[in-house]
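[1] here's my sequence, what's the structure:
(one chain, ligands or ions: 1)
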Amino acid sequence: MDHGSIGHGAGGRTAQTVTLQPSPANWILPTMTIPRVLGRLSSINVRKVMWTAAILGIPVQREDWGAGYRSTREPDFLRLNPNALVPVLVDDQTVLWESNTICRYLAARQADTQLLPSAPRDRALVEQWMDWQATELNDAWRPAFLALHRGVPTPAEVVRESESRWNQKMRMLDEQLARTGGHVAGEQFTVADVVIGLSCHRWKATPIDHLDLPEVAAYLLRLKAQPGYAEFVDNGMP
Ligand SMILES: N[C@@H](CCC(=O)N[C@@H](CS)C(=O)NCC(=O)O)C(=O)O
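    Got it, this is the predicted structure:
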């Protein structure tokens, strides 16, 4: 399936819930369940998972957990994720936390080798950018984001320093996009673009002194073609 610049159209993919007739030929086939996603939609990490599911056309059942909703400190939640953080994915007997891992799991579950390539080098590049998002990029933006969007009292010089580091990381991304001419890990849209795309949207939606980054601007426009972009990325939340 081509995840290039045209997306899948409004309907996404065929629903994955399969009802099999009780015939001997079907006895050994697994039935796919509808995965549960535990987490509030205001969380960028929950939106990563929801957007990936939308791109893959996987129906999921989301439940509001986390700040402002059911507490992640409830024993039922802690049994699933002792970190007390959203998102959590429950897919039959499989329980997962860490949003980037969940996104990769969903792509692998559907055997989607464009979203998550199987060739070692191609796959490693996707994982490299996802790890970069979860470490280098997240670390850079955290103080500025918490101060400017969540009202966390923060000394002005800490916010300025975070803003500058955030812009530097985004410049690095702009240079990478200029090299690939398309998406983060190469020409094709992959699951790395889910997590980096949401990050670019957050950068743009935060009132800082933005660098002029034309490749990032063009990239965000390209991502609009993906199913679920309006609902899970450009939905009024940073
Ligand atoms: N590394 C984790 C981070 C998860 C995380 O920080 N989740 C935040 C929301 S973005 C959270 O659960 N906050 C507490 C809450 O909402 O109760 C991931 O990527 O899944």
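
[2] in which helix or strand would I find the residue nearest in space to the middle of the chain?
    With the centre of the chain defined as its mean C-alpha position, the nearest residue by Cα atoms, centre = their mean is residue 48, 2.2 Å away. Using DSSP states H and E, residue 48 maps to helix 44-56.

[3] name the residues that touch whatever helix or strand comes next after that helix?
    Moving toward the C-terminus from helix 44-56, the next helix or strand (DSSP H and E) is strand 61-63. Strand 61-63 is contacted by residues 34, 35, 36, 37, 38, 39, 41, 46, 50, 70 when judged by Cβ atoms under 8 Å, 6 or more residues apart in numbering. Every residue, glycine included, has its C-beta placed from N, CA and C.

[4] identify those among those residues that sit within strands.
    Using DSSP state E, the members of the contacts of strand 61-63 that fall in strands are 36, 37, 38.

[5] nearest to residue 217 among the residues you listed?
    Among those, residue 37 lies closest to residue 217 (Cβ to Cβ), at 30.2 Å.

[6] could you give the number of residues near the one residue in the chain that gets nearest to the ligand?
    Residue of the chain nearest the ligand, by Cβ to the nearest ligand atom: residue 66 (2.8 Å). Using other Cβ atoms under 10 Å, residue 66 has 22 other residues around it.

[7] quick check: it touching residue 40?
    Yes: if you go by Cβ atoms under 8 Å, residue 66 and residue 40 touch, sitting 4.4 Å apart.

[8] if I look at the two, which residues touch both of them?
    With Cβ under 8 Å, 6+ apart, residue 66 and residue 40 have common neighbours 46, 86.

[9] circling back to that earlier point, narrow the contacts of strand 61-63 to just the buried residues.
    35, 36, 37, 38, 39, 41, 46, 50 (16 or more other Cβ atoms under 10 Å).

[10] so the first one sits right up against residue 93, yeah?
    Put plainly, it is residue 35. No: Residue 35 is beyond contact range of residue 93, at 11.6 Å (criterion: Cβ under 8 Å).

[11] residues from the chain in reach of the ligand?
    43, 44, 45, 66, 67, 72, 85, 86, 87, 98, 99 (Cβ under 6 Å from any ligand atom).

[12] most neighbours among those residues, please name it.
    Ranked by neighbours (other Cβ under 10 Å), these are led by residue 99, which has 28 neighbours.

[13] do you know how far that residue is from residue 63?
    Using Cβ to Cβ, to the nearest Å, one gets 16 Å for the distance from residue 99 to residue 63.

[14] equivalent analysis for residue 135, please.
    28 Å.

[15] also residue 141?
    For residue 141, the distance to residue 63 equals 27 Å [Cβ to Cβ].
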